[in-house]
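>>> The following comprises the amino acid sequence and a computationally predicted model.
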Amino acid sequence: MENLFSNVGLDASKYRVTKYFYATSSMPFPGALIMESNFMGYVAVATDEGKVSLGRRDIVIAWRGTVQALEWVNDLQFLPIPGPKVFGDEGLLPSSKPLVHNGFYSIYTSESAQSKFNKTSARDQVLEEVKRLVEEYKNEEVSITVTGHSLGASLATLNAVDIAYNKINKSSNGKEFPVTAFVFASPKVGDLNFVNAFNKLKHLHVMRIHNILDLVPKCPPIGYFDVGQEIIIRHHKIPLFKSP
């Protein structure tokens, strides 16, 4: 995976991968808990050449979509739960605590002591690397970009909120860098209190992009709300669009 960008036809000179991260999926089973760890994405940073093109040192976090069977199980765990590892568990009345999708939160925060790759959670792996890069480039103009598709989009949203809420984007010299998430076909992540917490984060922006006929962004249908700005692709109105 050292040549990930060049192997998929991307210009490897503009970004370099600094960290591959792994996530744990799980399913309760009578008398046991089935768990597995899988590659979930990467953290990359703009090279010097990329910085010149962008005008800033961009840190990218990319989350992949659903692949494994256990991830489909987690996708369907709709029950909203508190997210103490993101929002803490003190200082908020129960009625004002943000609630998030159980399955997404589980993938984001679970760890496995038996795993070769996932002894710490995907959250901890990502935040540790972002902290390191923010500190390394604290004297430059830095941006943090988070992206993902479907399951990866929901994890990217949760990750972006986590970074801004817990000021992972703030360097030791006090500078707070902007966090932007570009999420594709994203399910809804949290309840109205989650939306309220999101709206208070001035350095965070989320752009949701999805096809008008895609049902995934409409899920879960009850008790969950969208965050950020929406771009709808109306493919049937694109003159050059061809049906399969």
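Looks like it arrived, so ask away.

>>> Next one: the residue nearest to the spatial centre of the chain from Gly83, what distance?
Nearest residue to the geometric centre of the chain (C-alpha atoms, centre = their mean): Ala156, 1.4 Å. Applying C-beta to C-beta, to the nearest Å, the value for Ala156 to Gly83 is 15 Å. Just so you know, the C-beta spots here come from the backbone N, C-alpha and C atoms, and that holds for glycine as well.

>>> Arg57 too?
Counting by C-beta to C-beta - Arg57 and Gly83 are separated by 29 Å.

>>> same question, Ala181
Ala181 is 16 Å from Gly83, by C-beta to C-beta.

>>> Flag the shaky bits of this protein, pLDDT-wise.
1-2, 9, 11-12, 26-36, 68-77, 90-93, 240-244 (pLDDT under 70).

>>> just the strands in it please.
Assigned by DSSP state E, the strands in the chain fall at 15-29, 32-46, 57-63, 80-82, 99-101, 142-149, 179-184, 204-211, 229-233.

>>> now the helices for the protein?
For the chain, the helices defined by DSSP state H occupy 4-7, 48-54, 69-75, 84-87, 102-109, 122-136, 151-165, 192-199.

>>> and the closest residue in space to Pro80 that isn't next to it in sequence, what are its bridge partners?
Residue nearest to Pro80 in three dimensions, not counting chain neighbours: Leu99, with 3.8 Å by C-beta to C-beta, 6 or more residues apart in numbering. Under DSSP bridges, the beta-bridge partners of Leu99 are Pro82.

>>> Return the residues in contact with Leu99.
Pro80, Ile81, Pro82, Gly83, Gly190, Asp191, Asn193, Phe194 (C-beta atoms under 8 Å, 6 or more residues apart in numbering).

>>> go with 7 Å
Leu99 makes contact with Pro80, Ile81, Pro82, Gly190, Asp191, Asn193, Phe194 under the criterion C-beta atoms under 7 Å, 6 or more residues apart in numbering.

>>> Look up the residues forming beta bridges with the fourth one.
The partner list for Gly190 in beta bridges (DSSP bridges) reads Val100, Phe225.

>>> Tell me how many other residues surround it.
Neighbour count of Gly190, defined by other C-beta atoms under 10 Å: 29.

>>> gap between it and Pro82?
Gly190 is 10 Å from Pro82, by C-beta to C-beta.
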